[in-house]
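Novice: Turn this into a structure:
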Amino acid sequence: MMGTGYVWIATAFLSAILDISSPLSSDRMDEIQGVLTPRVYTPDSELKRKFVSKWKNLTHGNTANGPLGLSFLSLYAYDTIYALAHALDAFFKQGNKITFSNDSKLSSLKGDNLHLDALNVFDEGYSLRRNIYEVNMTGVTGLFKYGPDKNLVNPAYEIMNVVGTGTRRIGYWSNHSGLSVIPPETLLSKPGNDFRESTKLLPVIWPGDTAQKPRGWVFPNNGRLLRIGVPIGVSYQQFVSQVPGTDTFQGFCIDVFLSAVNLLPYAVPYKFIPYGDHKNNPSNSELVRRITTGEFDGAVGDIAITTERTKIVDFTQPFVESGLVVVAPVKEADTSALAFLAPFTPRMWFVTAVFFIIVGTVVWILEHRVNDEFRGPPRKQV
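Specialist: Here you go, the predicted model:
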């Protein structure tokens, strides 16, 4: 996928790695030829040049591959230390002191393996943070100042193109101007000018070592079709089945697959390949294994997601809930006045009545000699 027709846009992390580890081996550089990557823009200045020169002299001979490079992360780390020093200086001039106290929230974590309950909280943290946001200085990265949104003012990026053994700048991007071939500080110094002509980036060398712009997603006229395996069994054909005598497949799983493909903003050429002998249910585990061997590029069907299968292939989100259910016939509910008798059979009700009479008789025999409430006419007894 690093050939002609493809576009790769990496994060700023790639540009940082290239700046620090440059030069990389030719094999590694060949793998990323034509990649676009942003790099946080730090304007050129005398302060920056002196710092870079001093860094090269400091690290020269300390590594086997020559001086260790500097990335924008290194420069901002350096300026961050100075910004914190400025904030602390203002903090102490305001009469503040550095004190710590226990936090009741951390005390509840006593006994934890991390021993977080032993940590203390900086009492004047809000004051120090306010001083950090009020820092206004010029460092090796340029103006170091926070805006109302608590972000550094005038952020900008360089758009880098990996070519040959290094990178090549093809333009800039900033909130103020968008894409441009003119440095952001130049545009900021002339806010009234129209720089629409400068929004065109320099020519890009794309993957495949070509300057021709990739066409993007187009309907492919050639190339290998995706081979989609379809398990053909003798049960649950409502999920997936093959129309007899044709190469057409139908079922709920097929409908879900076609709906997902139709939602894509580009064409995906594919062909369904039946898997099974139409006499027995095929092994879905074997079908999944054949994806790993390259026989199929994917599979569509009622394939259960199991732990063993997820170790070798990726599944889509489940769209059918699997599990075991109990199917029982539906009985019409009895709404008569004697519906309360339904839980027990007539024999059970008879046995219950007999036990009731026996228990009542035994209680009467035991109580009527000593208990006045069990004497006299039957109507007056308990």
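Novice: in the stretch 1-150 of the chain, which spans are strands?
Specialist: 36-40, 100-102, 120-122, 136-139, 142-145 (DSSP state E, counting those that start in this stretch).
Novice: Partner strands of the last one and their direction?
Specialist: I take that to be strand 142-145. According to DSSP bridges, strand 142-145 forms sheet pairs with strand 136-139 (antiparallel).
Novice: Please enumerate residues in contact with the strand it pairs with?
Specialist: Contacts with strand 136-139, where a contact means C-beta atoms under 8 Å, 6 or more residues apart in numbering, come from Ser45, Leu47, Leu75, Tyr78, Asp79, Tyr82, Ala83, His86, Phe144, Lys145. Bear in mind the C-beta positions are built from the backbone N, C-alpha and C, glycine included.
Novice: What score does the residue sitting nearest the centre point of the chain have for pLDDT?
Specialist: Nearest to the geometric centre of the chain sits Gln317, at 13.8 Å (C-alpha atoms, centre = their mean). Among the per-residue scores, Gln317 holds a pLDDT of 87.
Novice: circling back: just send the strands of the stretch 1-150 of the chain back as a markdown table, with distance to Gly245 too.
Specialist: What follows is those, written out as a markdown table (distance: least, C-beta to C-beta, whole Å):
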| stretch | distance to Gly245 |
| --- | --- |
| strand 36-40 | 51 |
| strand 100-102 | 80 |
| strand 120-122 | 77 |
| strand 136-139 | 76 |
| strand 142-145 | 73 |
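Novice: Can you tell me which of those strands is most buried?
Specialist: Most buried of the strands of the stretch 1-150 of the chain, by mean neighbour count (mean count of other C-beta atoms under 10 Å): strand 36-40, with a mean of 20.
Novice: Which neighbouring elements make contact with that strand?
Specialist: Counting contacts by 3 or more C-beta pairs under 8 Å, 6 or more residues apart in numbering; DSSP states H and E, strand 36-40 packs against helix 12-21, helix 72-93, strand 156-163, strand 166-174.
Novice: what's the angle from the shortest one to helix 12-21?
Specialist: Meaning strand 156-163. In terms of direction (axes from the mean of the first three to the mean of the last three C-alpha atoms, to 10 degrees), strand 156-163 departs from helix 12-21 by 70 degrees.
Novice: Centre of the chain to strand 156-163, how far?
Specialist: On the basis of C-alpha atoms, centre = their mean, to the nearest Å, strand 156-163 sits 26 Å off its chain's mean C-alpha point.
Novice: and what of the first one?
Specialist: Helix 12-21 has its average C-alpha position 23 Å from the chain's average C-alpha position, going by C-alpha atoms, centre = their mean.
Novice: Please apply the same query to the longest one.
Specialist: For helix 72-93, the distance from its own C-alpha centre to the chain's C-alpha centre is 33 Å (C-alpha atoms, centre = their mean).
Novice: Let me see the mean pLDDT of that helix.
Specialist: On average, the pLDDT along helix 72-93 is 94.
Novice: and of the strands of the stretch 1-150 of the chain, who's closest to Gly360?
Specialist: Among the strands of the stretch 1-150 of the chain, the nearest to Gly360 by C-beta to C-beta is strand 100-102 (71.4 Å).
Novice: one step back: what's the closest of the strands of the stretch 1-150 of the chain to Met160?
Specialist: strand 36-40 (5.1 Å).
Novice: give me every residue that touches Ser322.
Specialist: Listed by C-beta under 8 Å, 6+ apart, the contact set of Ser322 reads Ala304.
Novice: Would you mind measuring the gap between the ends of stretch 190-200?
Specialist: Distance between the two ends of stretch 190-200: 19 Å, counting by C-alpha to C-alpha, to the nearest Å.
Novice: Tell me where this structure has helices.
Specialist: 12-21, 26-31, 46-59, 72-93, 104-107, 125-133, 184-189, 252-263, 284-292, 307-310, 346-367 (DSSP state H).
Novice: which one of those helices is the most hemmed in?
Specialist: helix 12-21 (a mean of 18).
Novice: packing partners for that helix?
Specialist: Packing partners of helix 12-21 (3+ C-beta pairs under 8 Å, 6+ apart): strand 36-40, helix 72-93, strand 156-163, strand 166-174.
Novice: Out of the ones you listed, which gets nearest to Ala328?
Specialist: Ala328 sits nearest to strand 36-40 of all the helices and strands packed on helix 12-21, at 62.8 Å, using C-beta to C-beta.
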